[in-house]
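S.K.: With the sequence up front, the predicted model follows.
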Amino acid sequence: MGAKKLHIAMYPWFAMGHLTSFLHISNKLAERGHRISFFIPVKTLQKLEAFNLYPDRIAFIPINVPHVPGLPPGTETTADVPFPLHSLLMTAMDLTRPEIGQALRELKPDFVFFDFTQWMPELLHELDMGTKSIHYCTISPATVLYLSTPERNLMEKQPTVADLMLPPPSFPASSITLRTHEARGLVDVMLKEFGRGVTFMQRQFRSFSGCDAIAFKTCREIEGPYCDYIGTQLRKPVFLAGPVVPETPTKELDEKWSKWLERFEAKSMIYCAFGSECILKIDQFQELLFGFEITGLPFFAALKPPMGAESIESALPEGFAERTRERGVVYGGWVQQPLFLRHPSVGCFVTHCGSGSLSEALVNECQLVLLPNVGDQIINARVMSRDLKVGVEVEKGDLDGLFTKEGVSKAVEAVMEDGGEVAEEVRSNHAKWRDFLCRKELENSYLNSFEQKLHQLLE
Ligand SMILES: C[C@@H]1O[C@H](OP(=O)(O)OP(=O)(O)OC[C@H]2O[C@@H](n3ccc(=O)[nH]c3=O)[C@H](O)[C@@H]2O)[C@H](O)[C@H](O)[C@H]1O
C-alpha cells in the first residue's frame, strides 16, 4: 500500500516563468496521485489550462489580483508590465493574503508551495492546521547561493558591486564571476523595494528562513556542489525535485509556422526568444537582428517590441525586412517554444537563460547561444557556459553591458560551424546532459525521494 496521497496548494509568483515551473512540478505530483490546488490569476488561468495534464487532480483556483495605484488595471503577471512595475505587482500579491488565508482554511492542504510571498509561513502558523510550507525555488541553487548566502553577511551590510563581481569565499565554482554591469544590476535589484516596504533581498531571506524546507528543481549531478553548500549555509532541509523535465507537448505546431520552417534545411535555423519579461532597448534589439542577418542563416525571433516601440514592424531597422524577407521572421507574439525547439529545421537556440527555457533547451538538440538579460539568467548563463560547457555566451561590454552585431554573429557561428572545435565541444557536452536528463529512471528516483521527504516532514 503506497504512502497516503498528499494535498498540495501552489501559490507561485505572478510571473509566467514561475507559474509554468510550478505547473510542471504539479503535473509530476498529480501523475503520482497527489491532489493539487493551484492559485492562479483569472485571465492567466486560460493561458495555462492547456498545460494542465491532470485536470481531475490539479484544480485551478482563480485569484483576482487586487488593484494597486500605478499598476495598469487588469495587470496579472510580470508579462503585462515592464520591469520597474514588478514591485507594484508584488504589492498586489501581498494584498491577497486574507483571501488566500480564507481559501487555505477551507482547503486544509498538507503543504503550500510558495516562493515570493514571504508571509506564507506566518500565515500557516496563524491558521494552525499543521500545513507545512515549502519554498519551491524556481531560481537555481547556484543563483541563490551566489547572491544570498549568509557568508555575504547581507543582513548586516549592503552588498557592493565589488562584492558581487566575485563568488562568496567558499562558493563551489570560483569560475563563476560577474561583469561590472551585471553586479551593478544585481545590487540594484537586491536593494530595491519589491512589494511595499520590503526589499527583494529581505523577501528572499524571510522566505528561506520562515519555510519548513526549500526545494529546487535540479539534480545533484548538475548542481550538487551548490545544493550541499546551501544546506550548510541556510541550515534548512533542502529537497531536490530532480530536473522536472516538462512533458513532450502533444499539440501540433501552428501550421503557419510549420509551413514556414519546413522550407529550410535541417538544423540550419536560429530560433531566438527571451521569455515573457524581457523588453530590449531599441538599439540592442536592432543589434541582435543585424547579428542574425550577418550570419546568413535563416532565423525566427519571438521577441516583445523594444522599449518605446508600438510594434515590432515599427522597430525594425531600415530595409531589414526587405533584405531578410526570404529567410527571417521577427514576431511579437507568443509561440509554442517547446515545439520550435523540437523542429528539425531549428539548429540554434539564442536564449536569455530563463530557468524554464534552459530546462527545455537541455532536453532538445539545438546548439545554445546564451544572452542573459537580468538576475538569475546571468548566473544560469555562467553555469551553462563555464560549468557544463553546453553553450557559448555573447560577449558584452564590462561596464555598459552592451552586445554588438559582431558579438551575436560570432557566438552563433562558433556553435554552428560544422566540425568546429567549440561547436563540437558544446554539442557533445549538451548530448551527454540531454541523454542523462531524459532518463525516466532518473526522474522517478528524484521524485520518489522528493515524495518521501515531504511525507517525513509531516511525521
Ligand atoms: C524563473 C524566472 O522566470 C522568468 O521567466 P521568463 O518568462 O523570463 O523565462 P523562462 O523561465 O524561460 O520561462 C519562459 C517560458 O515561456 C515559454 N515561452 C516563451 C516565449 C514564447 O514565445 N513562447 C513560450 O512558450 C518558454 O517555453 C518557457 O517555458 C525569468 O526567466 C526569470 O529570470 C526567472 O527567475
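M.R.: Right, received. Where do you want to start?

S.K.: Run the chain-centre distance for the least confident helix or strand in the chain by mean pLDDT.
M.R.: Counting by mean pLDDT, DSSP states H and E, the chain has its least confident helix or strand at helix 220-234, which shows a mean of 82. Distance of helix 220-234 from the chain centroid (Cα atoms, centre = their mean, to the nearest Å) equals 19 Å.

S.K.: So which residues on the stretch 51-200 of the chain come close to the ligand?
M.R.: 138-139 (Cβ under 6 Å from any ligand atom). (Each C-beta comes from the backbone N, C-alpha and C, glycine too.)

S.K.: one more time with 8 Å, if that's ok
M.R.: Neighbours of the ligand within the stretch 51-200 of the chain, by Cβ under 8 Å from any ligand atom: 78-79, 138-139, 143.

S.K.: what packs against the least confident helix or strand of the chain?
M.R.: Using 3 or more Cβ pairs under 8 Å, 6 or more residues apart in numbering; DSSP states H and E, the elements in contact with helix 220-234 are helix 141-148, strand 213-216, strand 238-240.

S.K.: Can I get those in TSV including mean neighbour count?
M.R.: Formatted as TSV, the helices and strands packed on helix 220-234 follow (neighbours: other Cβ atoms under 10 Å):
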stretch	mean neighbour count
helix 141-148	25
strand 213-216	21
strand 238-240	21
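
S.K.: Any figure for the gap between Leu289 and Arg235?
M.R.: Separation of Leu289 from Arg235 (Cβ to Cβ, to the nearest Å) stands at 48 Å.

S.K.: quick one, which of those two is more surrounded?
M.R.: Leu289 (24 against 10; other Cβ atoms under 10 Å).

S.K.: Output the contacting helices and strands for the helix or strand hosting the more buried one.
M.R.: Per DSSP states H and E, Leu289 falls inside helix 282-295. The contact analysis (3+ Cβ pairs under 8 Å, 6+ apart) places helix 282-295 against strand 269-273, strand 299-302, helix 312-315, helix 320-324, strand 328-331, helix 405-416.

S.K.: Looking at the stretch 151-300 of the chain, which residue is nearest the ligand?
M.R.: Closest residue of the stretch 151-300 of the chain to the ligand, Cβ to the nearest ligand atom: Gly275 (2.5 Å).

S.K.: With adjacent residues omitted, what lies nearest to that residue?
M.R.: Gly354 (4.1 Å; Cβ to Cβ, 6 or more residues apart in numbering).

S.K.: quick one: the one you found from Gly17, how far?
M.R.: In terms of Cβ to Cβ, Gly354 sits 5 Å off from Gly17.

S.K.: Mutual contacts of the two, please.
M.R.: Counting by Cβ atoms under 8 Å, 6 or more residues apart in numbering, the common neighbours of Gly354 and Gly17 are 275, 277.

S.K.: circling back to that earlier point, could you look up the SS state of the residue of the stretch 151-300 of the chain closest to the ligand?
M.R.: Reduced to three states with DSSP: H, G, I helix; E, B strand; the rest coil, the structure at Gly275 is coil.

S.K.: That one - how many residues pack around it?
M.R.: 23.

S.K.: For it, grab phi and psi.
M.R.: Main-chain torsions, Gly275, degrees, to the nearest 10: phi 80, psi -160.

S.K.: going forward, begin numbering at 807 instead of 1
M.R.: Sounds good: first residue 807 from here, last item Gly1081.

S.K.: show me the contacts for it.
M.R.: 822-823, 1158, 1160, 1162-1163.

S.K.: change it to 7 Å
M.R.: 823, 1158, 1160, 1163 (Cβ atoms under 7 Å, 6 or more residues apart in numbering).

S.K.: among these, who's most crowded?
M.R.: Going by other Cβ under 10 Å, Gly1160 tops those with 29 neighbours.

S.K.: For it, give its distance to Trp819.
M.R.: Counting by Cβ to Cβ, the gap from Gly1160 to Trp819 is 13 Å.

S.K.: Now do the top helix by length along the chain: which elements does it pack against?
M.R.: In the chain, with assignment by DSSP state H, the single longest helix is helix 1246-1264. Where contact means 3 or more Cβ pairs under 7 Å, 6 or more residues apart in numbering; DSSP states H and E, helix 1246-1264 is packed against strand 1044-1046.

S.K.: So His892 is in contact with Thr884, correct?
M.R.: Yes. Applying Cβ atoms under 7 Å as the test, His892 and Thr884 come out as touching, 5.3 Å apart.

S.K.: Which residue would be the closest one in the stretch 1157-1265 of the chain to the ligand?
M.R.: When scored by Cβ to the nearest ligand atom, the stretch 1157-1265 of the chain has Gly1160 as its residue closest to the ligand, at 2.4 Å.

S.K.: Pick the most buried one from the helices and strands packed on helix 1088-1101.
M.R.: Stretch with highest mean neighbour count among the helices and strands packed on helix 1088-1101: strand 1075-1079 (a mean of 24; mean count of other Cβ atoms under 10 Å).

S.K.: Sitting in helices, which of the contacts of Gly1081 do you find?
M.R.: Those of these mapping onto helices are 823, 1163, per DSSP H.

S.K.: Check what pLDDT the residue nearest to the spatial centre of the chain gets.
M.R.: Centroid-nearest residue in the chain, with Cα atoms, centre = their mean: Ser1161, separated by 2.9 Å. Model confidence at Ser1161, given as pLDDT, is 91.

S.K.: and the nearest residue to it once chain neighbours are set aside, what does it touch?
M.R.: Leaving aside its chain neighbours, Ser1161 sits nearest to Thr944 (5.6 Å; criterion: Cβ to Cβ, 6+ apart). Taking Cβ under 7 Å, 6+ apart, we find Thr944 in contact with 823-824, 827, 921, 1023, 1161.

S.K.: try Ala1167
M.R.: Applying Cβ under 7 Å, 6+ apart, the residues near Ala1167 are 1147, 1155, 1157, 1174.

S.K.: and if you look at Phe1209?
M.R.: So Phe1209 contacts 1090, 1093, 1177, 1200-1202 (Cβ under 7 Å, 6+ apart).

S.K.: Determine which two of those are furthest apart.
M.R.: Gln1090 and Glu1201 (13.4 Å; Cβ to Cβ).

S.K.: my read: Ile1088 touches Ala1115, true?
M.R.: Yes. Applying Cβ under 7 Å, one finds Ile1088 in contact with Ala1115, separated by 6.1 Å.

S.K.: which residues do these two both contact?
M.R.: Ala1121.

S.K.: Any part of stretch 1050-1057 near the ligand?
M.R.: Yes. Using Cβ under 8 Å from any ligand atom, stretch 1050-1057 comes into contact with the ligand via Pro1052.

S.K.: again, but for stretch 1098-1106
M.R.: No. Judged by Cβ under 8 Å from any ligand atom, stretch 1098-1106 makes no contact with the ligand; its nearest approach is 10.2 Å.

S.K.: hang on, Val1156 is in a strand, isn't it?
M.R.: Yes. When three-state DSSP is applied, Val1156 is found to be in a strand.

S.K.: so who does Pro1055 touch?
M.R.: 1142, 1144-1145.

S.K.: Now with 6 Å, please.
M.R.: 1144-1145 (Cβ atoms under 6 Å, 6 or more residues apart in numbering).

S.K.: Having no further points to raise, I will conclude here.
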